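Engineer: No sequence on hand, only this structure:
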């Protein structure tokens, strides 16, 4: 049986890393040969019992566009792939995130290479351009590794958006949803009937970054507090001094709970009144899928890709315009008051995100790339 290889910069707690791990484990469970190559030793997962995870001896995966570090990383990655190829035939190599795609594009690999687009290229480039011209140039250079390649986007709307980037000229482009083990999420969500905190709360899950628009989130939460002063906001993210300073500036320190990056976010999602998402852009928005799996209502900005795919044909009225704190707060107040049930049986996306179905789509995409179909 031909092997599948996934390559990713780190195994930190991000969404792309979680997707990569789930794809690898699902393939192994279904009897496929699968390998996961990590471009650094950074790992927040317990992987001791998971076979075929190869961590390259690099402290981190940053600055791999710097020549001397890139050369070392290329040698290590090439050697790792060659070791796998010597033992078994490889069906395809999947590159996740910029650093992986950048390195894979420079290697001569017999098997087809497919690059996974986890977020909006256009919006990410625009964000970097606003931050720093140098950062923008470096990111654009990394993105050029995707030109003329086989691409997989994590949602149909992201595929449509990516197709508008004419400079990419992909050999092929397919949309495949991220995999989610709904039953496992539901099981983890129910570990304890008692809520993790006594006060009623709403929740946001995601790193403290500009794309997540915590400024809009906090503006909306302050409006929500006018109607429900006892409500708390739980932020599941890495807690930084910058975040604490912003909460203090807004006089929200006592209204916001900061558990940090928890082992079981689903337990927190399950007991929340709702999950709020205020992003300017997403790829699929994994946290929306996970919250719905926990039967927790969501209110999200209708950003260019992701949320609309998750809620299409289900609760499209839970989407609000981007960068509109008033709309976010108004819809959140409605859901807090009405407490709607989430009927998973009526959710069209549920079957599409089943890990075995997603794996089938990945294998089909790999075979098509190999034959040029």
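Structural biologist: Nice, thanks for sending it over. Model, not experiment: these values are computed from the prediction.

Engineer: switch to C-alpha atoms for all contacts and neighbour counts from now on
Structural biologist: OK.

Engineer: Tell me, how many residues neighbour residue 251?
Structural biologist: Neighbour count of residue 251, defined by other CA atoms under 10 Å: 12.

Engineer: from now on call the first residue 414
Structural biologist: Sure, I'll start counting at 414 from here, so that last one is residue 664.

Engineer: ok, now which ones touch it?
Structural biologist: Counting by CA atoms under 8 Å, 6 or more residues apart in numbering, residue 664 touches no other residue.

Engineer: To which secondary structure element is it assigned?
Structural biologist: For residue 664, there is no enclosing helix or strand under DSSP states H and E.

Engineer: The one 3 residues further on now?
Structural biologist: When elements are assigned from DSSP H and E, residue 667 belongs to no helix and no strand.

Engineer: so what's it scoring on pLDDT?
Structural biologist: Looking at residue 667, its pLDDT reads 98.

Engineer: try residue 428
Structural biologist: According to the prediction, residue 428 has pLDDT 89.

Engineer: Now do the contacts for it.
Structural biologist: residue 699.

Engineer: Strands of the stretch 664-786 of the chain, start to end?
Structural biologist: Remark: strands assigned in the stretch 664-786 of the chain by DSSP state E, counting those that start in this stretch are 669-670, 688-690, 711-714, 732-733.

Engineer: Could you tell me which strands the last one is paired with, and in which direction each runs?
Structural biologist: Sheet pairing of strand 732-733 (DSSP bridges) gives strand 711-714 (parallel).

Engineer: Can you list the neighbours in contact with the helix or strand of the chain with the lowest mean pLDDT?
Structural biologist: When the helices and strands of the chain are scored by mean pLDDT, DSSP states H and E, helix 534-544 comes last with a mean of 94. Helix 534-544 has contacts (CA under 8 Å, 6+ apart) with 548, 549, 552, 553, 556, 575, 578, 624, 694.

Engineer: Ok, stretch 737-747 next?
Structural biologist: Here stretch 737-747 makes contact (CA under 8 Å, 6+ apart) with 629-630, 632-634, 636-637, 640, 687, 689, 691, 712-714, 731, 733-734.

Engineer: try it again with 7 Å
Structural biologist: With contact meaning CA atoms under 7 Å, 6 or more residues apart in numbering, stretch 737-747 is reached by 629, 630, 632, 633, 634, 636, 637, 712, 733.

Engineer: and if you look at stretch 761-773?
Structural biologist: 436, 439, 440, 589, 590, 591, 592, 593, 594, 723, 726, 727.

Engineer: Skipping its backbone neighbours, what lies nearest the fourth one in space?
Structural biologist: Leaving aside its sequence neighbours, residue 589 sits nearest to residue 567 (CA to CA, 6 or more residues apart in numbering; 5.2 Å).

Engineer: residues near that neighbour, how many?
Structural biologist: Neighbourhood size, residue 567 [other CA under 10 Å]: 25.

Engineer: Please pick the buried ones from the contacts of stretch 761-773.
Structural biologist: Buried by 16 or more other CA atoms under 10 Å: 436, 439, 440, 589, 590, 591, 592, 593, 594, 723, 727, out of those.

Engineer: In the stretch 414-563 of the chain, what residue spans correspond to helices?
Structural biologist: Secondary structure of the stretch 414-563 of the chain by DSSP state H, counting those that start in this stretch: the helices cover 428-442, 480-500, 511-517, 534-544, 546-556.

Engineer: and what of the stretch 664-786 of the chain?
Structural biologist: With DSSP H, counting those that start in this stretch as the criterion, the stretch 664-786 of the chain has helices spanning 678-683, 699-706, 720-724, 738-751, 762-765, 768-784.

Engineer: Let me have those in a markdown table, extended by mean pLDDT and distance to residue 447.
Structural biologist: Below are the helices of the stretch 664-786 of the chain laid out as a markdown table (pLDDT from 0 to 100; distance: least, CA to CA, whole Å):
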| stretch | mean pLDDT | distance to residue 447 |
| --- | --- | --- |
| helix 678-683 | 98 | 27 |
| helix 699-706 | 98 | 23 |
| helix 720-724 | 97 | 28 |
| helix 738-751 | 98 | 42 |
| helix 762-765 | 96 | 22 |
| helix 768-784 | 96 | 11 |
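
Engineer: out of those, nearest to residue 611?
Structural biologist: Taking CA to CA, helix 678-683 is the member of the helices of the stretch 664-786 of the chain nearest to residue 611, at 11.9 Å.

Engineer: which residues make contact with that closest one from outside it?
Structural biologist: If you take CA under 7 Å, 6+ apart as the criterion, helix 678-683 is touched by 598, 601, 602, 603, 604, 609, 616, 704, 707, 708, 709.

Engineer: just how off-centre is that helix within its chain?
Structural biologist: 17 Å (CA atoms, centre = their mean, to the nearest Å).

Engineer: List the buried residues of that helix.
Structural biologist: Under the neighbour-count criterion of 16+ other CA under 10 Å, helix 678-683 has 678, 679, 680, 681, 682, 683 buried.
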